[in-house]
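# Have a look at this prediction, sequence included:
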Amino acid sequence: MKPQDNLNERSSQWIFGYGSLVWKPDFKYKRSTIGYIKGYKRRFWHGDDFHRGNKENACTWGVAYEVTESQIAESLRYLNIREVILGGYVTEMVEFTPKENSQSPLLALVYIATSDNPIYLGPAPDTEIAAQIAICRGKTGHNIEYLLRLAEFMRRYCPEVEDDHLFSIEAAALTLIL
């Protein structure tokens, strides 16, 4: 049984986003909170136009969204098309730790890119990744928008977190387009 198979039986479900979901969830939710998951590190090693990520011993910051009752089925249908069918991601249940110390950790569904995906590119120098990002465009827009919005989110909502990989690629991409 997949983790999401019995989610519709719950009255509430948390969904964690660490890429475009931080600024463009495109599904209804009750509330959201910023925080992180452990055991994963954001990497730009996925070869589609806007999805990225891989599993490592680290943490990844993003946003968890609480969806309730009828929103659960609708949100999962949408996200399974967006992230699994079109993006090649798999789902996992993870412990999400909210940034707010007053909130307890919670269980959240996350969509993860894996190396067995046909569009997985693997590690590359930041300058090569930036060059690809600078020229790629998909149905949702330019890939540079994805990179810049993600960097903006991290600076605005997680200024104490240093994401060297993200900011190094951002700097390299900006030198190419400016």
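Looks like it came in fine.
# Tell me the confidence at residue 89?
Per-residue pLDDT puts residue 89 at 86.
# Find the residue closest to it in space, skipping its chain neighbours.
Distance criterion Cβ to Cβ, 6 or more residues apart in numbering; nearest residue to residue 89, sequence neighbours excluded, is residue 111 at 4.0 Å. From N, CA and C alone the C-beta is placed, and that goes for glycine too.
# If we ignore the residues flanking it in sequence, what's nearest residue 103?
residue 33 is the one closest to residue 103 (Cβ to Cβ, 6+ apart), at 6.5 Å.
# Looking at this protein, which strand is longest?
Identified as the longest strand of the chain according to DSSP state E is strand 54-68.
# can you give me the mean pLDDT across that strand?
82.
# Same check on stretch 115-123?
On average, stretch 115-123 scores 79.
# circling back to that earlier point, moving C-terminal from the longest strand of the chain, which element do we reach first?
Using DSSP states H and E, the helix or strand that directly follows strand 54-68 along the chain is helix 70-79.
# okay, now the residue nearest to residue 103: neighbour count?
If you count neighbours by other Cβ atoms under 10 Å, residue 33 ends up with 15.
# Could you list every helix and strand in contact with the worst-scoring helix or strand of the chain on mean pLDDT?
Across the helices and strands of the chain, mean pLDDT, DSSP states H and E gives its lowest value to strand 54-68, namely a mean of 82. For strand 54-68, the elements it packs on are strand 12-17, strand 31-41, strand 106-112, judged by 3 or more Cβ pairs under 8 Å, 6 or more residues apart in numbering; DSSP states H and E.
# let's go with 7 Å and repeat that
Here strand 54-68 touches strand 12-17, strand 31-41, going by 3 or more Cβ pairs under 7 Å, 6 or more residues apart in numbering; DSSP states H and E.
# what's the angle between the first one and strand 54-68?
In other words, strand 12-17. Angle, strand 12-17 to strand 54-68, by axes from the mean of the first three to the mean of the last three Cα atoms, to 10 degrees: 140 degrees.
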